[in-house]
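Peer 1: Structure for this input, please:
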Amino acid sequence: MTTSPQQAFLALENVKLDIAGRTLLDQASCKAYQGEVLLLLGKNGAGKTSLLRAIIGYTPITSGSIAIHGRLQSTLSHTDVTESVCYVPQRLSSIPEISVLEFLQACVSDKTIPHNDL
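Peer 2: The predicted model follows:
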């Protein structure tokens with residue numbers, strides 16, 4: 001009996017990201033599985049935030065694919081994406097005096113995020 005391989009929670013394949021005529025990412029690929037921690041490192045302006053925004057559908061990719069739970073991100077509704085992936089910027093411009101941690105703690109107290117998920 002063979003077992004099927006675990007499906008990646010998040011899969012990027014050959015993602016190219018061009019913004020304002022500049023290629024930020026070219027052929028970026030990775031997979032993340034449930035329970036793993038994925039670290040995204042790079043210099044300022046390297047495209048880290050742009051990639052995160054592409055994963056949640058805010059920034060269109062030039063080519064390649066992004067899949068969440070095996071489904072192409074481009075075919076998912078905003079609600080489907082936000083049920084699986086959350087992007088919290090380092091600074092919340094609409095609430096400049098609150099930190100990301102304080103924001104997440106407020107979500108927990110409001111029952112938006114289960115306490116054990118922090």
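Peer 1: count of residues packed around residue 48?
Peer 2: 15 (other Cβ atoms under 10 Å). For glycine as for every other residue, the C-beta is placed from the backbone atoms N, C-alpha and C.
Peer 1: Please identify which helix or strand holds residue 66.
Peer 2: strand 63-68 (DSSP states H and E).
Peer 1: Point out the other helices and strands that that strand packs with.
Peer 2: Applying 3 or more Cβ pairs under 8 Å, 6 or more residues apart in numbering; DSSP states H and E, one finds that strand 63-68 contacts strand 10-19, strand 22-32, helix 48-55.
Peer 1: Residue 64 is nearest to which of those?
Peer 2: Proximity to residue 64, assessed across these by Cβ to Cβ, is greatest for strand 10-19 (3.8 Å).
Peer 1: quick one, that closest one and helix 48-55 angle?
Peer 2: For strand 10-19 against helix 48-55, the angle by axes from the mean of the first three to the mean of the last three Cα atoms, to 10 degrees is 120 degrees.
Peer 1: partner strands of strand 10-19, parallel or antiparallel?
Peer 2: Here strand 10-19 is paired, per DSSP bridges, with strand 22-32 (antiparallel), strand 63-68 (antiparallel).
Peer 1: Of all those, which one is nearest residue 85?
Peer 2: Comparing the strands paired with strand 10-19 by Cβ to Cβ, strand 63-68 comes nearest, at 6.3 Å.
Peer 1: now the closest one: how far from the chain's centre is it?
Peer 2: On the basis of Cα atoms, centre = their mean, to the nearest Å, strand 63-68 sits 11 Å off its chain's mean C-alpha point.
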